[in-house]
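>>> Any chance you can model this:
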Amino acid sequence: MDTKGKADLLNILVGGLFGAVAGALMSLVVNFWSDWKRRTGLHRNLLLEPQQKSGCRVTARIRNGYVLPMNQVYAYITVTHDPSDVLEPPHGYQAYIKPGDHKFEEDRLCWSMAGNPAHVDIYAGEKQPLDVVEIDPSGDWIQIPSESGWGIDGGTSRVFLKMKKYDASIKIVSKDTKAKEFELEIDPFNKVTPLSLRSKKAARSSK
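Below you'll find the predicted structure:
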């Protein structure tokens, strides 16, 4: 092969290599942008909607307002309280947290579905109900459910607390987007909407 032929071959090889590298980089950029857009869209359009009281129990609906589904969605609740607010479970009830136990912080809630699943999928435009609190009709306590459900009929709640207003937060976690936290107020003396969003912004990203 003469010198010109070798030069042409080298140019072809270099050009092919450059094209392959450029294609790989472009694919990486497109995939990163697509993943960022999906995660950002899900996060921005994830909403928590407190529901009116139904009987003794209060729920919230978690809405996926985006065009793509969220998979394996978990919910965690934190209630700002003093240790003295924690009560012994009433007769016939069970609770994981009792007086003298650890603080009630970022504990998992159950979804309002048969079997109390630990997580659910929320499809585009869908709302899934989440159990949040039960208010004793006699005014003695409020009950926060656990991932296994309520503290009666074989279930075990998370905790029983004194009847008073509490600041709380619910963190929604999914593998598809950054966790989102909603600031709430639990007011058991409100007969219609004991659960309400506390901040004007309604939610903040978890760091």
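>>> And the residue nearest the centre of the chain, how close does it get to Trp111?
Computing the C-alpha centroid of the chain and ranking residues by C-alpha atoms, centre = their mean puts Ile172 first, at 1.1 Å. Here Ile172 is placed at a distance of 11 Å from Trp111 (C-beta to C-beta, to the nearest Å). All C-beta atoms are positioned from the backbone trio N, CA, C, and that covers glycine.
>>> One more: Ala60?
Distance from Ala60 to Trp111, by C-beta to C-beta: 11 Å.
>>> which neighbours do the two share?
Taking C-beta atoms under 8 Å, 6 or more residues apart in numbering as the contact rule, Ala60 and Trp111 both touch 129-130.
>>> still on that earlier bit, which strand or helix spans the residue nearest to the centre of the chain?
Assigned by DSSP states H and E, Ile172 falls within strand 166-174.
>>> ok, Pro129 - contacts?
By C-beta under 8 Å, 6+ apart, Pro129 lies in contact with 51, 59-62, 111-113.
>>> coming back round to it: quickly list what's touching both of Ile172 and Trp111.
Joint contacts of Ile172 and Trp111 (C-beta under 8 Å, 6+ apart) are Ala75.
>>> Buried only: go through the contacts of Pro129 for me.
51, 59-60, 62, 111-112 (16 or more other C-beta atoms under 10 Å).
>>> Of the residues you listed, just say which sits nearest to His43.
Ile62 (13.0 Å; C-beta to C-beta).
>>> what about the nearest residue to Val79 once chain neighbours are set aside, how many neighbours?
Counting by C-beta to C-beta, 6 or more residues apart in numbering, Ala168 is the residue found nearest to Val79 once chain neighbours are left out, at 4.6 Å. Close neighbours of Ala168, defined as other C-beta atoms under 10 Å, add up to 21.
>>> so what's Ala168 up against?
Taking C-beta under 8 Å, 6+ apart, one finds 77-80, 183-186 in contact with Ala168.
>>> Which member of the residues you listed is positioned nearest Gly55?
Ile186 (16.5 Å).
>>> Quick check, pLDDT for that closest one.
For Ile186, the pLDDT comes out at 97.
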